[in-house]
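>>> Below is the sequence, then the predicted model.
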Amino acid sequence: MNKYRRKPCSVCATEYQPTTGSQWRCPDCAAANLRPGPIPLCGCGCGEEVNWKKGKWNTYLAGHHLRLNNPRKKGSIPWNKGGTSAQDYVCLQCGDEFSSRDPKAKFCSPDCYHISQRKPDWGDRPGFTGRTCSSCGKPYTATSGPQKRCHDCIQSGYRGTPTKCKCGCGEDVNWSDRNKRWSDYVHGHHIRVKNPNADGHVPWNKGNVTLYDFVCGECRHPFRNKLKDAKFCSRKCYETSISGENSHFWKGGVRTKYKFRRVKGKLTKIHRIVMANYIERPLTQLEVVHHIDEDGHNNNLPNLFLFHCDRCHQHHHRTKAPKYYSYGEVHSQV
């Protein structure tokens with residue numbers, strides 16, 4: 001038994017038995033794809049016919065609802081219920097005149113709004129045209145803000161002729177991957193010159209500061225600094241001067257028993273690396289490398305002997321066996 005009541009068709013007004021709750025026309029009208037009544041006009045008053053969507057006629061054409069106030073917004077007046085009258089505006093994108101009740105209307109349709117939000121072409125952007133390539137010297141149009149070379153030089157990898165250092169030493173400067181151009185000075189040579197715009201001052205000081213000549217206390221190279229008591233030319237020289245016995249944390253020094261080397265991120269004893277390279281295979285965890293002169297820092301191959309287990313190694317130390325095999329015999333035993 002059908003649970004839905006008979007109702008009139010919204011197209012031909014004849015009664016029919018619906019099979020679903022959302023059915024709004026009879027099967028004959030559905031088969032012929034008939035729609036109710038004449039096509040209504042757009043509610044904005046433009047006089048154009050609206051489209052069919054989701055079983056009913058739309059109230060507006062696409063985008064025409066922006067020409068009127070929103071009837072669902074609290075405090076606004078529906079489009080045809082009186083209130084604020086529509087005013088004439090000029091679209092900022094296409095220049096056409098349109099009417100709207102929105103006092104802040106700027107565009108006649110969503111299409112014009114979206115077109116106005118698009119980024120202009122690279123050639124129309126200010127500052128992107130008329131640039132000079134730092135490599136070949138030709139004018140080009142950039143596609144990004146930090147771009148300093150033309151597309152031909154970027155694709156071919158051409159960097160141009162290296163310039164000379166501005167300090168007057170005559171050496172060729174290096175290419176700066178960060179700035180995408182040739183540097184002005186060789187590394188460290190910028191401290192040899194003064195600012196040509198201000199006598200006796202360097203560019204990075206930006207003030208009336210005089211440079212003084214010093215000799216580095218670590219590397220003994222001359223350098224210039226604005227401080228009157230400068231002792232070192234760089235951070236590296238300063239850290240070297242306070243390391244080892246010169247450090248105030250120095251307590252006589254502690255010498256480790258063995259030397260280590262980092263292999264694949266792991267600290268490994270050097271004497272095990274030397275023995276593994278000699279026998280041409282990695283050592284097992286049970287094998288022990290013994291120093292004949294019992295000096296853990298003497299990792300020369302004639303001074304190393306390979307025990308197959310730690311028990312044999314400990315037995316050798318307990319008995320103090322005088323018999324030693326040469327490193328050549330070790331390879332034959334392994």
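Alright, I've got the coordinates. Residues are numbered from 1 along each chain as shown.
>>> just the strands in the stretch 101-250 of the chain please.
Using DSSP state E, counting those that start in this stretch, the strands of the stretch 101-250 of the chain run over 131-132, 139-140, 175-176, 181-182, 212-215, 222-225.
>>> What pairs with the second one, parallel or antiparallel?
Paired neighbours of strand 139-140 in the sheet (DSSP bridges): strand 131-132 (antiparallel).
>>> ditto for the fourth one
With DSSP bridges as the criterion, the sheet partners recorded for strand 181-182 are strand 175-176 (antiparallel).
>>> contacts for the partner strand?
159, 162, 181-183 (Cβ atoms under 8 Å, 6 or more residues apart in numbering). Glycine gets a C-beta too; all of them are placed from N, C-alpha and C.
>>> export the strands of the stretch 101-250 of the chain to CSV and tack on mean neighbour count and mean pLDDT?
Below are these laid out as CSV (neighbours: other Cβ atoms under 10 Å; pLDDT from 0 to 100):
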stretch, mean neighbour count, mean pLDDT
strand 131-132, 14, 85
strand 139-140, 15, 86
strand 175-176, 12, 80
strand 181-182, 18, 80
strand 212-215, 12, 90
strand 222-225, 15, 88
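>>> Quick check: the two most widely separated of the contacts of strand 175-176?
Arg159 and Ser183 (11.8 Å; Cβ to Cβ).
>>> Neighbour count for these two, which is higher?
Ser183 (19 against 15; other Cβ atoms under 10 Å).
>>> pLDDT score for that one?
Looking at Ser183, its pLDDT is 83.
>>> and the gap between it and Cys167?
12 Å (Cβ to Cβ, to the nearest Å).
>>> can you check Cys46 too?
Distance, Cys46 to Cys167, using Cβ to Cβ: 74 Å.
>>> Between these two, point out the one with more neighbours.
Using other Cβ under 10 Å, the more surrounded residue of Cys46 and Cys167 is Cys167, with 16 against 13.
>>> Which secondary structure elements does the strand or helix carrying Arg311 sit against?
Assigned by DSSP states H and E, Arg311 belongs to helix 310-319. Under the contact definition 3 or more Cβ pairs under 8 Å, 6 or more residues apart in numbering; DSSP states H and E, helix 310-319 sits against strand 288-291.
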